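J.: sequence? don't have it. structure:
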C-alpha cells in the first residue's frame, strides 16, 4: 500500500524510463485476454508515460517469438503465433458453426460497413433473417453503427473489435482482398438502373467508407 | 493449415531446433490456464523435443521483463513481475474524514513533537487507543522518533514529510502558534489560568521541533 | 446462346437431365433467386463479366417452369425474379422503343451481371475471411488472465484547519470549568463611573471615549473589552444624569464625549 502510494507520488514528478514503461505495458497486456487500448494503458501507467512508444519497442521484441504483439483496432494484445496453433488442441474452443447466410452477412457487413439490412439483402438477393443478425450480434462480431441519414433513418451494422481480434485483423482496412474489390467497383452500391432510391444512399455510403479508411 | 500440417509431419522425423522449441514452450505456457509440467510440455511438443532445456532459455529471456517465467509446483507459468503488481489494481479512493481522536492525537504530535504516548494522553486527558496511533502510522503521517532518555525509554512520535505535504507545510515549524490560532479566532476563549504557562509551552514546542530538524 | 440450355424441351443428355433434377431437388438449398442465378451462370463456364444474361434468363425461366410442372412450391421472390427476367428478356430481344423512358435492356442486363459478380465476390471474400487464422482455433489469447483488482482504498483527509481546531480544542478544554467570575480582568461600571467622574471635569472639548480607558487596560484584549464596555456604560449613565453629552457621527465611528455646559 505504502509502496503504491510512493510510487504514484513519485510519478507526478518524472515518468519512468522507456525500458521500464515497456515492462509495464508487457505486464498489463500479458495479464489481459482482451485487447487494451493505448488510452487504457496510459491511465494505468504512471503519469507521463508514453505507452505508444513503449508498444513500438515491445512489438519489435516479440517479433518471431512464440507469442506476438498484435494491434487490434485501437487495442493491443499478445496472441500466440498462428504457426504454433497445432500445439494448442487443449486450448481450442469449439465454436458453433456459422450458417452460410451468417458468414455471407458477416462478410458483407465487414466489406461494406456501415451496411444497412436493405443493402445486405440487395447484395444477397434474399431477405436477411432476424436470427442471422442476432447470431452475429451475440458473437459480438457486429454491432449497430450510426443510423443512415436517409428516409427511414435505417440502422447500420459495423464489425467490432472482437471480430478483428477473432480474425487477427489490425483494422477493417486489412480485410483480405479489400483493395482489389474496391478497385473492381464491387464494393460500390450501384443502384438498379431506373431506381433512385438506393442512389441517395450512395453518397452516405461512400462517406462511411472514406471515414473508415481515413485514419 | 497446410503449413501446420507440414510442420507436425516433419516433426515426426526430427526434433525442432531449440529456438523453435523455446517458441513452442512460450506459446503453450502463455495460452494455458494452469501451470504446465515439463512432462505435459513434452507430450504436447513434437517428438524428440527437450522442453526442460527450452525452459532454461525461456526463463533467461524473461528475466527482468514485465512478466517472468516461474516454477509453480511441478509446473511452469508466466506471471507478472512482482514489482509491477501495482499496475494490476485499479484503485477507487474513498475519502473519509479523520476521527476526532485521530486528528487530536495528530495535532498534539505535530505541535509537541517528539511526543510520547504518555504526553499525548496527558494533553488530551484520555487514553490514546492503539488503533488511532496505528491509523496515523499507516497513513504515513507520523513515524517513530528517537526514544526519550527518561525511565522506561518511551518511544516518541514525530510527523513525517507525507504529513507536511498533505497539509501544505514546509516544516512543522510553520504550524500556526497559539497566538495565531487565537488571532484566527480558533482560541477565542479566555486565556488559561496563568497565561504564562502558554508562553512556556510554546518555548518547549520550539525546542522539540528544533530537535526534530537537527537530524 | 450457343450452348443448348439445360431446361429446353429437347435436352438429350442424361447427365444434363440428372443435373437439372438435382437442381430442382435442391431448390431449398438456394439462398434466393440471385443465388440460383449465380449457380446457373456457372453452367456457362465463362467469366461472370461475359455471362450471357439472356441465356441466363432463359435458364431461369425454364427452371421455374420445370418447378411448376413438378408442382414444387416456389417462394414468391423466385416468381418475382422470373417475371422480371421475362421482362428483361423481351427488352433484350425486341428493338428498343425510342418513345419509351427508362433503362434499356442492356443496362438492366449489365446491372444483373454486376449483382452476380458482386455476390460471387462476397462469397469469395467470406471464404477467405473464414480461411484466416482464427482466435481460439489457430492462435490463442492469454490462458490465465489477471483481472484488474478493484482495490477500494479509503483515503483519510484532514485540513490544516481541522488540525488547528483540534489543537485549539484541546488547549482550551481546561477552561470548560464551572462558571466563576474572573475579577482580575473585569473593569466594573462602578470603577468606570468613579474614574470618569474624576476626569470629566478636565475635559473641555469633545474627547474620544477610548481615551478614558484606565492605564493597563487597553492592550490585553480581554481587559480592553471589559474596560471599553464599562466606560461606555458609565458614559451613558453620566449622560442620563445630564453631566456629559455623547456624540457619534456614524455607525462604528469614534464615540466622543464632552462635559455638558453647566
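T.: Here it is on my side, so go on. These figures come from a predicted structure and were not determined experimentally.
J.: Give me the domain ranges for chain A.
T.: Chain A resolves into domains spanning A:7-83, A:100-214 when parsed by automatic domain parsing.
J.: Name the nearest residue to residue 32, sequence neighbours excluded.
T.: This is for chain A. Among residues not flanking residue A:32 along the chain, residue C:145 sits closest, at 6.0 Å (CB to CB, 6 or more residues apart in numbering or on different chains). Bear in mind the C-beta positions are built from the backbone N, C-alpha and C, glycine included.
J.: should've been chain C
T.: Residue C:32 sits nearest to residue A:126 (CB to CB, 6+ apart), 2.9 Å away.
J.: Moving C-terminal from the helix or strand hosting residue A:163, which element do we reach first?
T.: Secondary structure from DSSP states H and E places residue A:163 in helix A:161-166. For helix A:161-166, the following helix or strand on the C-terminal side (DSSP H and E) is helix A:178-183.
J.: Please give me every residue in contact with residue A:157.
T.: Residues near residue A:157 by CB atoms under 8 Å, 6 or more residues apart in numbering or on different chains: A:109, A:113-117, A:120, A:133, A:136, A:142-145.
J.: so of those residues, which ones are in strands?
T.: Residues of the contacts of residue A:157 located in strands (DSSP state E): A:115, A:116, A:142, A:143, A:144.
J.: hang on, residue C:140 packs against residue A:90?
T.: No: with contacts counted by CB atoms under 8 Å, residue C:140 stays clear of residue A:90, the gap being 10.0 Å.
J.: Neighbour count for those two, which is higher?
T.: Higher neighbour count among residue C:140 and residue A:90: residue C:140, with 27 against 13, using other CB atoms under 10 Å in any protein chain shown.
J.: mind listing what the more buried one touches?
T.: Per CB under 8 Å, 6+ apart, neighbours of residue C:140: A:79, A:80, A:85, A:88, A:91, B:27, B:30, B:31.
J.: Neighbour-wise, which one of the residues you listed leads?
T.: Ranked by neighbour count (other CB under 10 Å), these have residue A:80 at the top, with 29 neighbours.
J.: where does it fall, phi/psi-wise?
T.: Dihedral pair for residue A:80: phi -70, psi 150, per degrees, to the nearest 10.
J.: if I pick it, what's in contact with it?
T.: So residue A:80 contacts A:66, A:67, A:68, A:88, B:27, B:30, B:31, C:139, C:140 (CB under 8 Å, 6+ apart).
J.: What is the neighbour count of the closest residue to residue A:35 other than its chain neighbours?
T.: Leaving aside its chain neighbours, residue A:35 sits nearest to residue A:75 (2.6 Å; criterion: CB to CB, 6+ apart). For residue A:75, the count of nearby residues is 20 (other CB under 10 Å).
J.: do residue C:39 as well
T.: Other residues near residue C:39 number 16, with proximity taken as other CB under 10 Å.
J.: cool, and the one 5 residues further on?
T.: Counted by other CB under 10 Å, the residues lying close to residue C:44 total 16.
J.: Pull the contacting residues for it.
T.: So residue C:44 contacts C:3, C:51, C:52, C:55, C:56 (CB under 8 Å, 6+ apart).
J.: hmm, the host helix or strand of residue C:117 in reach of chain B?
T.: In this structure, residue C:117 sits in helix C:105-130 according to DSSP H and E. No: Helix C:105-130 lies out of reach of chain B by CB under 8 Å from any CB of the partner chain, never closer than 11.8 Å.
J.: and that helix, which residues are buried?
T.: C:105, C:108-119, C:121-123, C:125-126, C:129 (16 or more other CB atoms under 10 Å in any protein chain shown).
J.: for stretch A:48-59, same thing?
T.: A:49, A:50, A:51, A:54, A:55, A:58.
J.: Does that stretch reach chain B?
T.: No: using CB under 8 Å from any CB, stretch A:48-59 stays clear of chain B, coming no nearer than 8.7 Å.
J.: I'd like the distance from stretch A:20-39 to the chain centre, please.
T.: The chain centre lies 18 Å from the centre of stretch A:20-39; the measure is CA atoms, centre = their mean, to the nearest Å.
J.: What mean pLDDT does that stretch get?
T.: For stretch A:20-39, mean pLDDT rounds to 93.
J.: ok, the nearest residue in space to residue A:184 that is not next to it in sequence - contacts?
T.: With sequence-adjacent residues excluded and distances taken as CB to CB, 6+ apart, residue A:184 is closest to residue C:121, at 7.4 Å. With contact set as CB under 8 Å, 6+ apart, residue C:121 has these partners: A:181, A:184, A:186.
J.: ok, now residue A:170?
T.: Residue A:170 is in contact with A:70, A:71, A:72, A:73, A:164, counting by CB under 8 Å, 6+ apart.
J.: for the second one, helix, strand, or coil?
T.: By that I understand residue A:71. Of the three states, residue A:71 takes strand under DSSP: H, G, I helix; E, B strand; the rest coil.
J.: neighbours of it, just the number please.
T.: Residues within reach of residue A:71, counting by other CB under 10 Å, total 17.
J.: swap in the first one?
T.: Counted with other CB under 10 Å, the burial measure for residue A:70 works out to 21 neighbours.
J.: What separation do you get for it and residue B:35?
T.: 25 Å (CB to CB, to the nearest Å).
J.: One more: the second one?
T.: As for residue A:71, its distance to residue B:35 is 29 Å (criterion: CB to CB).
J.: and what of the last one?
T.: For residue A:164, the distance to residue B:35 under the criterion CB to CB works out to 31 Å.
J.: Can you show me the helices along the stretch 51-200 of chain C?
T.: C:53-69, C:76-93, C:105-130, C:160-173, C:189-200 (DSSP state H, counting those that start in this stretch).
J.: tell me how far the last one is from the chain's mean position?
T.: The reference is to helix C:189-200. What separates the centre of helix C:189-200 from the centre of its chain is 76 Å, taken as CA atoms, centre = their mean.
J.: cool, and the fourth one?
T.: Between the centre of helix C:160-173 and the centre of its host chain there is 45 Å, according to CA atoms, centre = their mean.
J.: Who are the packing partners of it?
T.: helix B:100-112, helix B:178-183 (3 or more CB pairs under 8 Å, 6 or more residues apart in numbering or on different chains; DSSP states H and E).
J.: With respect to chain A, which of those helices lies nearest?
T.: Nearest of the helices and strands packed on helix C:160-173 to chain A, taken as CB to the nearest CB: helix B:100-112 at 17.6 Å.
J.: Just confirm yes or no for the helix or strand harbouring residue C:239 near chain B.
T.: If you go by DSSP H and E, residue C:239 is part of helix C:221-240. Yes: legend: contact between helix C:221-240 and chain B by CB under 8 Å from any CB is shown at residue C:222.
J.: quick check, nearest of the buried residues of stretch A:48-59 to residue C:185?
T.: residue A:49 (63.5 Å; CB to CB).
J.: Near the closest residue to residue A:34 other than its chain neighbours, how many other residues are there?
T.: The shortest distance from residue A:34 to any non-neighbouring residue, by CB to CB, 6+ apart, is to residue A:77 (6.8 Å). Using other CB under 10 Å, residue A:77 is surrounded by 21 other residues.
J.: show me the contacts for residue A:77.
T.: For residue A:77, the contacting residues are A:29, A:32, A:33, A:34, A:35, A:36, A:69, A:70, A:165, C:141, by CB under 8 Å, 6+ apart.
J.: my read is it is in a strand, agree?
T.: Yes: Residue A:77 sits within a strand when classified using three-state DSSP.
J.: What separation do you get for it and residue C:83?
T.: Taking CB to CB, one finds residue A:77 at 52 Å from residue C:83.
J.: and chain C, which of the helices and strands packed on helix C:160-173 is closest to it?
T.: helix B:100-112 (3.9 Å).
J.: in that closest one, what's buried?
T.: B:101, B:102, B:103, B:104, B:105, B:106, B:107, B:108, B:109, B:110, B:111, B:112.
J.: what's that helix packed up against?
T.: Helix B:100-112 packs on helix B:117-124, helix B:130-138, strand B:156-159, helix B:196-214, helix C:160-173, going by 3+ CB pairs under 8 Å, 6+ apart.
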